[in-house]
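**Student:** Please find the sequence and the predicted model below.
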Amino acid sequence: MNKDLTVSQIDRQNILNNDMALEEIKNQTKIQGIFFENKICFTKSMVATYFEIETRTLERYVSEFQDEISSNGYEILKGKRLKSFLESVEVQDVPDINVGNISNRTPQLSIFDFRSFLNIAMLLVESPIARSLRQVMLDIVIDYINQRSGGRTKYINQRDSDFIGAFLQEENYRREFTDALRDYVDMGNAKYGIYTDKIYQSIFREKAKEYKQVLNLSTKDRVRDTFYSEVLTLISSYECGLADMIKQQSEQLGRKLNNWELSDLFVAFESLPLWKPLIIQARTKMASRDMALRDAFHYQLKEYIKPLDQTEYERFLGSAGDELERLMAENQDVLQRLKESE
């Protein structure tokens, strides 16, 4: 998916919230600044010089996007912190860096940390250097995610510690549901696919085929192996609850349900108020994570897309995920037998 960082705040923030990718960008670009309070910082003059723009152009962007840039590390130093910053400039050997016209008489000073510096790079349309840096950032982030996931981003969901529990339980609830359809519903075999898609559409507005297209899955890929744990758990809840309702209604009538009765039952079931917060959570996590981690866009869920926070990146790209992914790969046969024995 082509990303235009100058227009999409979600895409910008997804990069800026990925601490591990930011560290990789810092290492690969080797952009020099002033080391202050354990991080690299830049004055307004330094930023303007780097991107070869006028200071007033930079000030215009800061004014227009102040809330966003400030939330990403831009700040104005005064008093003791300003004095401490000026002392840092004096003691560091940075003769090639133009910090601007500052002195001990300067009442306040705007500074950018590395995150807010990159934020400016994502916004500037006047600077060819910023445009090149944006492409470098995108390339590094994509490469980093692919590296961490072993080139299998479609299964990045399995790097979550909660996945195994959801993975093991879902087959049991799935079997309860299919058994209920078999024993209590008077329809042909198409009912299994029809009502699986109805559940998917109720939760995330896509049929299985549409979901596969979004993630570019092959015919051999099992859809549920790519679901996040929260989505799997909600699907299991749907299937467990529906199975029980189907059985109860069939026994009350003393016969199998027909397609009209099952359709009415499903509408009543999915309209229960208790599902609303769970569905919103599932849609938000699926759409937001897939945009950031899989570069996949769920058009039907676009209003639910939000930037991932730092904890989400650590959850799926951190070292704990490496160990979990290794265990999953080494014990695939054991996990499958556990599912079948449930």
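**Tutor:** The structure has been received and is ready for your questions. Remember, predicted model here, so these are calculated numbers, not experimental data. Numbers count the residues shown, from 1 in each chain.
**Student:** Pull out the buried residues from stretch 268-288.
**Tutor:** Within stretch 268-288, the residues scored as buried using 16 or more other Cβ atoms under 10 Å are 269-270, 275, 279, 282-288. (Glycine included, C-beta is placed from N, CA and C.)
**Student:** Turn those into a markdown table, columns for secondary structure and pLDDT.
**Tutor:** As requested, the buried residues of stretch 268-288 are exported to a markdown table (DSSP: H, G, I helix; E, B strand; the rest coil; pLDDT from 0 to 100):
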| residue | secondary structure | pLDDT |
| --- | --- | --- |
| Phe269 | helix | 97 |
| Glu270 | helix | 96 |
| Trp275 | helix | 97 |
| Ile279 | helix | 97 |
| Ala282 | helix | 97 |
| Arg283 | helix | 98 |
| Thr284 | helix | 98 |
| Lys285 | helix | 97 |
| Met286 | helix | 98 |
| Ala287 | helix | 97 |
| Ser288 | helix | 97 |
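**Student:** Could you export the residues you listed as CSV, including distance to Leu253?
**Tutor:** Below are the buried residues of stretch 268-288 laid out as CSV (distance: Cβ to Cβ, whole Å):
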residue, distance to Leu253
Phe269, 17
Glu270, 21
Trp275, 25
Ile279, 29
Ala282, 32
Arg283, 34
Thr284, 39
Lys285, 38
Met286, 36
Ala287, 39
Ser288, 43
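**Student:** Nearest to Phe36 among the residues you listed?
**Tutor:** Closest approach to Phe36 among the buried residues of stretch 268-288 (Cβ to Cβ): Ser288, at 32.9 Å.
**Student:** where does Asp11 land on pLDDT?
**Tutor:** The predicted structure scores Asp11 at 95 on the pLDDT scale.
**Student:** I'd like to know how far the closest residue to it other than its chain neighbours sits from Ser236.
**Tutor:** Spatial nearest neighbour of Asp11, excluding adjacent residues (Cβ to Cβ, 6 or more residues apart in numbering): Lys3 at 4.7 Å. According to Cβ to Cβ, to the nearest Å, Lys3 and Ser236 sit 34 Å apart.
**Student:** before we move on, back to that, which of the three states applies to the residue nearest to Asp11?
**Tutor:** With DSSP: H, G, I helix; E, B strand; the rest coil as the basis, Lys3 sits in coil.
**Student:** Over to it: give its phi and psi.
**Tutor:** For Lys3, the backbone dihedrals (degrees, to the nearest 10) come out as phi -110, psi 130.
**Student:** What is the neighbour count of it?
**Tutor:** The number of residues packed near Lys3 is 19, by other Cβ atoms under 10 Å.
**Student:** Relative to Gln9, how far out is it?
**Tutor:** From Lys3 across to Gln9, the span is 12 Å (Cβ to Cβ).
**Student:** Tell me the spacing between the residue sitting nearest the centre point of the chain and Ser319.
**Tutor:** Geometric centre of the chain, nearest residue: Arg289, 2.6 Å, by Cα atoms, centre = their mean. Going from Arg289 to Ser319 by Cβ to Cβ gives 19 Å.
**Student:** Over to Thr178?
**Tutor:** Distance of Thr178 to Ser319, given as Cβ to Cβ: 38 Å.
**Student:** The two - which one has more neighbours?
**Tutor:** More crowded of Thr178 and Ser319, by other Cβ under 10 Å: Thr178, with 16 against 10.
**Student:** Check which helix or strand Glu178 maps to.
**Tutor:** Glu isn't right for residue 178; it's Thr. Assigned by DSSP states H and E, Thr178 belongs to helix 163-184.
**Student:** so where's the stretch 201-342 of the chain shaky on pLDDT?
**Tutor:** Within the stretch 201-342 of the chain, the ranges that satisfy pLDDT under 70 run 320-342.
**Student:** residue ranges for the helices of the stretch 151-300 of the chain, please.
**Tutor:** Taking DSSP state H, counting those that start in this stretch as the criterion, the stretch 151-300 of the chain contains helices spanning 163-184, 190-204, 208-215, 229-253, 259-270, 275-293.
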